[in-house]
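Asker: fold the following, please.
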Amino acid sequence: MGVSALFAGCGTVSGHEGAVLGGAAGAAGGALVGSAVAGHGNRGTGALIGGVIGGAAGVAAGDQLHDKHYPQ
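Answerer: Purely as a prediction, here's the structure:
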């Protein structure tokens, strides 16, 4: 949801491919880590929080890395 919410209303993601890929990877990784770190009864909440934080970090990192490799 984090990545789709950021790009909702955008007609195209041209120039932001790194942000999309980074957000997806960050959300997946964050969900895995959040689930693993959370206590036994809180794995779903940990996965949700980790996914949101990881997705946001992935969007920022992916966009920056993409801009360095493919300047406009």
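Asker: what sits against Gln64?
Answerer: When contacts are counted by CB atoms under 8 Å, 6 or more residues apart in numbering, Gln64 is found next to Gly18. Placement of C-beta: from N, CA and C, glycine included.
Asker: quick check, central residue of this structure?
Answerer: By CA atoms, centre = their mean, the mean C-alpha position of the chain lies nearest to Gly55, the distance being 1.9 Å.
Asker: now the helix or strand hosting Gly62, how far from the centre of its chain.
Answerer: Per DSSP states H and E, Gly62 falls inside helix 43-69. Remark: helix 43-69 is offset 3 Å from the chain centroid, using CA atoms, centre = their mean, to the nearest Å.
Asker: in that helix, what's buried?
Answerer: By neighbour count on 16 or more other CB atoms under 10 Å, the buried set for helix 43-69 is 46-59, 61-63, 66.
Asker: any idea which helix or strand of this structure has the worst average confidence?
Answerer: helix 2-7 (a mean of 52; mean pLDDT, DSSP states H and E).
Asker: next SSE after that helix?
Answerer: Next element after helix 2-7 (DSSP H and E): helix 17-37.
Asker: how far off helix 43-69 does that next one point, in degrees?
Answerer: With axes from the mean of the first three to the mean of the last three CA atoms, to 10 degrees as the basis, helix 17-37 and helix 43-69 are set at 150 degrees to each other.
Asker: from the chain's centroid, how far away is helix 17-37?
Answerer: Centroid separation for helix 17-37 versus its chain: 5 Å, with CA atoms, centre = their mean.
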